[in-house]
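Asker: Attaching a predicted model along with its sequence, questions to come.
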Amino acid sequence: MDIATLTALAMGFLTSIATKAGEDAYSKSKELATHVYEAIRTRFSHEQDRGNASNALQTLVGGDTDFESVVEKKLLAILTSDQTFAQQLSQLIQSGPRQSLTAAEEARAARIRMN
């Protein structure tokens, strides 16, 4: 990571910490994350897989990041086949706070996933 990108990212964190808006955004993001988790947990519980999807999600949330790809693959399959749930999850996520990244002229951003 180059210095300009690192500086911009660090300043973004410092600015959000130093302002009341930062506290509000953190609180809202945490609340939104809980709602997203509950929506996915509920949908996974309806899968006819003897609880495998639910167990993988619970293991991931418990801190075992080895299950991230398993949960991601299962979620992608469900979102592809269940348009109603995909729409509900999309609306839920879009209801939350937005985060943006402003990069300087020669800054680089890497490993950004936008689906």
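Answerer: Ah, there it is.
Asker: Quick one: neighbours of G62, just the number.
Answerer: When neighbours are defined as other C-beta atoms under 10 Å, G62 has 8 of them. C-betas here are computed from N, CA, C, even on glycine.
Asker: make that H46, sorry
Answerer: H46: 12 neighbours (other C-beta under 10 Å).
Asker: how close does it sit to A107?
Answerer: 44 Å (C-beta to C-beta, to the nearest Å).
Asker: After the longest helix along the chain, which helix or strand is next? Please name it.
Answerer: Looking across the chain with DSSP state H, the single longest helix is helix 20-44. Counting by DSSP states H and E, the next helix or strand C-terminal to helix 20-44 is helix 52-61.
Asker: Please save the CA atoms from that following helix in CSV.
Answerer: What follows is helix 52-61, C-alpha atoms only, in CSV (Å, rounded to 0.1, in the frame of the first residue of the first chain):
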residue,chain,number,x,y,z
ASN,A,52,-25.2,-27.6,7.4
ALA,A,53,-25.7,-24.0,6.2
SER,A,54,-26.8,-22.8,9.7
ASN,A,55,-23.9,-24.6,11.4
ALA,A,56,-21.4,-23.0,8.9
LEU,A,57,-22.8,-19.5,9.5
GLN,A,58,-22.7,-20.0,13.3
THR,A,59,-19.1,-21.3,13.2
LEU,A,60,-18.1,-18.2,11.1
VAL,A,61,-19.8,-15.8,13.4
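Asker: Number of residues surrounding S54?
Answerer: 19.
Asker: Correct me if wrong: it contacts F44.
Answerer: Yes. Assessed by C-beta atoms under 8 Å, S54 is found in contact with F44 at 4.8 Å.
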